[in-house]
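Enquirer: fold the following and give me the result.
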Amino acid sequence: MLVRLQRTPNPGNRCAMVLKFRPNEEKALEALVFVASQWPRITPFYVSKVMYFADKEHMNRYGRPITADIYIAMQNGPVPSRIRDYIEGNYLFFQNSDQVAGAISVDRAPRYSEISAVREPRMEVFSESDLECLRNAIALCNGKTFWELSDLTHEDSAWAATEENGHIDYELLIDNDNPFKEELLRQAHEYAEFGVL
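Expert: Numbering: from 1, shown residues only. All right, here's what the predicted structure looks like:
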């Protein structure tokens, strides 16, 4: 049984403004298609961790996330809410709701749902750095057990500093020991302000 780690919110070292981005639903869907095409029959748990580690790496290198999905600090680690909605079929009011059925299929028959890509991802929506971080995150997560990945996300300071079922502040994804943290935070706030992803 998983023992939930004690969360230790530390608002003292955070900027006054919470860092939020406008989620890019088109890019979130294409990222899901890309991951499912690289990792056939991937489960929602693994999709969540791949996306989180890809966004974390991208934030630490470039000061912006890949899809700007809203991460929820759930019991077994961060979960991207838009991508979760695509998988669970809760996307009726999304701008691209008519495209989802032709993009992914979800097999709910196994114990854990399995996601497959129905088509190739639209690669033009990604930058080279987006793709590099997505591939790195797939390599990081593939081959790890559920518990290994859950523990890995529980060691992450962003998850630990967020209340259970709360929204993870993107500012927390940039590691404290990143030598470029202040510059990355300035860039991140500019990206968030202008909605550029």
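Enquirer: going by C-alpha atoms from here, please, whenever you check contacts or count neighbours.
Expert: Will do.
Enquirer: and the contacts of the helix or strand hosting residue 105?
Expert: Here residue 105, judged by DSSP states H and E, is contained in strand 104-107. Residues outside strand 104-107 that contact it (CA atoms under 8 Å, 6 or more residues apart in numbering) are 33, 36, 87, 113-119.
Enquirer: now with 10 Å, please.
Expert: 29-30, 32-34, 36-37, 41-44, 86-89, 113-120 (CA atoms under 10 Å, 6 or more residues apart in numbering).
Enquirer: please report how far residue 155 lies from residue 77.
Expert: 10 Å (CA to CA, to the nearest Å).
Enquirer: so what does the top helix by length along the chain touch, helix or strand wise?
Expert: Ordering each helix of the chain by length in residues (DSSP state H) puts helix 44-62 first. Packing contacts for helix 44-62, counted by 3 or more CA pairs under 10 Å, 6 or more residues apart in numbering; DSSP states H and E, involve helix 25-38, strand 71-74, strand 77-80, helix 81-88, strand 114-117, helix 128-141, helix 146-154, helix 181-194.
Enquirer: that helix: which residues count as buried?
Expert: 44-62 (16 or more other CA atoms under 10 Å).
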